[in-house]
Each structure stands twice: as C-alpha cells, then as structure tokens.
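Asks: Here is the input, now give the coordinates:
(chains A and B)
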Amino acid sequence: MKARRVRGLDPAKSLRENAARVIRTRVDELYSFVPEALEGDAKALHNMRIAAKRLRYVLELTGFCFGPYATKAARRARELQDLIGAIHDCDVLEPRIERYVAGLAEADAQALALAVGSEGADPARIPRVRRTAYGALAALAIDQRARRAVLFASLTRRWRALERSHFRGRLLAALEQQPVKKSA
Amino acid sequence: MARARKVEGIAPEDSYASVAASVVGVRAQEVFAHRDGVLAAADVEPLHDMRVATRRLRAALELFDSCFPRADFAQALRDVKRLADALGARRDLDVQIELLEGYARESSPEERAALRTFVEQLRVEQAEANAQLAVALQEIEQEDLEGMLDRLAARASRRPR
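Replies: Below you'll find the predicted structure:
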C-alpha cells in the first residue's frame, strides 16, 4: 500500500513541525481503513497493518518532540501491528496447509487406485497411519482458523478500547504540546 | 529482537534535513551490523534482527524522502525494498516452521510424523528462500548499498525538492 502523500513538508523547518504533519496524515490513513478492516475485509486489514506500522515507526522516531502521549501512542500502534501481523500469519498458513493436504490426497488416491488394480476389488482403503496424518493436518488447519478468530476478536476489542480512551484526540493534542524535559 | 539504536544528538527544533542525515546514517549502520549469520537456518535471530533493522531503515527513508535528491533516493529505496522482500520471504518460513515444530512436540507420535513431513517441505522452501536472499545480499554488496546510503545521508538538503 502506497503511503498517503504528506503535504507541506519543508526540509529547512524543524523536525517537530514536519513530524507533526506526517503523524496527522498517518493517523488519518490508519483510521480510513478501520471500518472495513473490522468488518472482515482482508485487503483493508492488510492496509490497516501497514498504516499502523508507518504510524508506529514515525512515533518511535519523533515521539520525543511532543507531549508524553505521543510515545505511548507508538506502543499502541505497535500492539495493533503485532495483532494484525499474527492474524496475517494464520491467513498465510491455513491455505498453505490446505494446498499441502490437497497434494497429498491426490498422490494417495493415485497410489491407492494403482494398488487395488482393476479387478473389481472393494473400494480402496487408505492405511490407518495415513488417516492419522490427514487428521493431524486437518486439526492444524482448524487450529489456525480458531486462532485467527480469537486474534480478530482481540483486535476488535483493542480498537474499541483505543476509541474509548480517545486515542486519536489525545495523540493530536500531544502534537500541540511541548515535550516534558527530563531533569538532570 | 534487537532494539533500535538511539539516534544521539537530535532535537525537536533541529532542521528536518539535518535529522534526516543522522537518522538514515544510524539506521543504515544497523542493517549492515546484522549481516553476518543471516543465511544460517539453524539460528533464525540474525535474520530477524536484520529484517527489523531493514524495516526501520525503510520507514526512516520514507519519513525523510523530501530531504533527499529524488533519483538517489528512489534507487536506495528500491534496493532496500528488494532486500526487505528477500528477508521477509525467509522470515515467513522461519515462523511457520517454528510454529509447526512446537505443534508437533505436543502431538502423538503418528501425528508428529505427518507434521514433520510437512515441515520437511517447508524446509525445502526455506532453502529456496535462502538462495534468493543470498542473491539479494550479493547484489546489495555489488551495488554498494551501504556506500549509497552513506552518500544519500550526506546529501540531505535543506532545500525543498
């Protein structure tokens, strides 16, 4: 996903001024993907992960220029990114298992047909050890699907908690604040 | 996972261009500091560290793109993305293998045998991804990405592009 263009950046102006522009754009970008992502749209979820990652990195790098919530917001963005990343891992692994099982099934079916021959024998029976193998792989795929559902529910709860804590408003307010100076 | 190195000596009121030079310089060093050992499949941590460092470098480049000469920036970003893709492809397989091996440990012996066969196939794909990564590492060496990033950092300009 191509990053949304940030208008008005000026290399001669301060880090603080430019970073605030970038952060505002990245927050808008993140929020633009949330409704569809939380309705289960896979592409929007992918874009939300990328947007959270971009927001996280700019906040990690420049959070010290602003009020304390900017640094806290970097952690919140990272949590979102991690959760969506874990969902993505499930989305990648489950079809991979299914492809592997489909390949095994095809090979087993051919081997069984050859073994039985054409003399009108009883339907071929797959050896017990192979049935166990299919069972193990099916269980693995089911686990991935269940894990994804749990992670997605967790993401939804996490986002609602962020909304309740006024994530966007507090982050934008922090951009107007001066950093807290550390005492010597 | 290695923590990001703190970029020393930057302040909120410093010019965006001067911070760009410092940050890109440090983030580039981090990438190349993790180069040794990334092709070893037995220890996945060096690859993970280099991948994270590459992501941070890419984020820094994208953040400060307005400070760099357009053509130099585009070439550096393209090379960094290519490296990131090769590292990511290997990392995805490392993660899947680790997960499956954990799952196999908790399974019955018959189930474990089936899962191990699946892991063996993933290991073949991991070796292919590693070969692609070796090519990518060789290319960034030949194109002197490290030097390119040093020069890019040095050319960060206060003039709007």
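
Asks: How about the residues of chain A by chain B?
Replies: A:3, A:9-19, A:22, A:53-54, A:57-58, A:60-61, A:64-65, A:89, A:92-93, A:96-97, A:100, A:129, A:132-137, A:139-140, A:143, A:179 (C-beta under 8 Å from any C-beta of the partner chain). The C-beta positions use only the backbone N, C-alpha and C, and glycine is treated the same way.

Asks: Mind doing that once more with 7 Å?
Replies: Taking C-beta under 7 Å from any C-beta of the partner chain, the part of chain A that reaches chain B is made up of A:3, A:9-16, A:18, A:22, A:54, A:57-58, A:60-61, A:65, A:89, A:92-93, A:100, A:129, A:132-133, A:136-137, A:140, A:179.

Asks: quick one: contacts of stretch B:85-98?
Replies: A:89, A:92-93, B:44, B:47-48, B:50-51, B:54, B:119, B:122-123, B:125-126, B:129-130, B:132-133, B:136 (C-beta atoms under 7 Å, 6 or more residues apart in numbering or on different chains).

Asks: actually stretch B:72-82, not the one I wrote
Replies: B:54, B:57-58, B:61, B:65, B:136, B:140, B:143, B:145, B:148-149, B:152, B:155.

Asks: For PyMOL, write a command that selects the buried ones of the residues of chain A next to chain B.
Replies: Of the residues of chain A next to chain B, the buried ones go into a single PyMOL selection, burial set by 16 or more other C-beta atoms under 10 Å in any protein chain shown:
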select buried, chain A and resi 3+9+10+11+13+14+15+16+18+22+54+57+58+60+61+65+89+93+100+132+133+136+137+140+179
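
Asks: for the chain, which spans come out with low pLDDT?
Replies: Using chain A. By pLDDT under 70, the low-scoring segments of chain A are A:117-124, A:182-184.

Asks: actually chain B
Replies: B:1, B:158-161.

Asks: Narrow the residues of chain A next to chain B to those in helices?
Replies: Judged by DSSP state H, the residues of chain A next to chain B include A:15-16, A:18, A:22, A:54, A:57-58, A:60-61, A:89, A:92-93, A:100, A:129, A:132-133, A:136-137, A:140 as members of helices.

Asks: Nearest residue to A:Arg56 in space, ignoring adjacent ones along the chain?
Replies: Leaving aside its sequence neighbours, A:Arg56 sits nearest to A:Ala77 (C-beta to C-beta, 6 or more residues apart in numbering or on different chains; 3.8 Å).

Asks: Contact distance from chain A - what residues of chain B qualify?
Replies: B:4, B:10, B:12-17, B:19, B:23, B:56, B:59-60, B:62-63, B:66-67, B:92, B:95-96, B:103, B:107, B:110-111, B:114-115, B:118, B:121, B:157-160.
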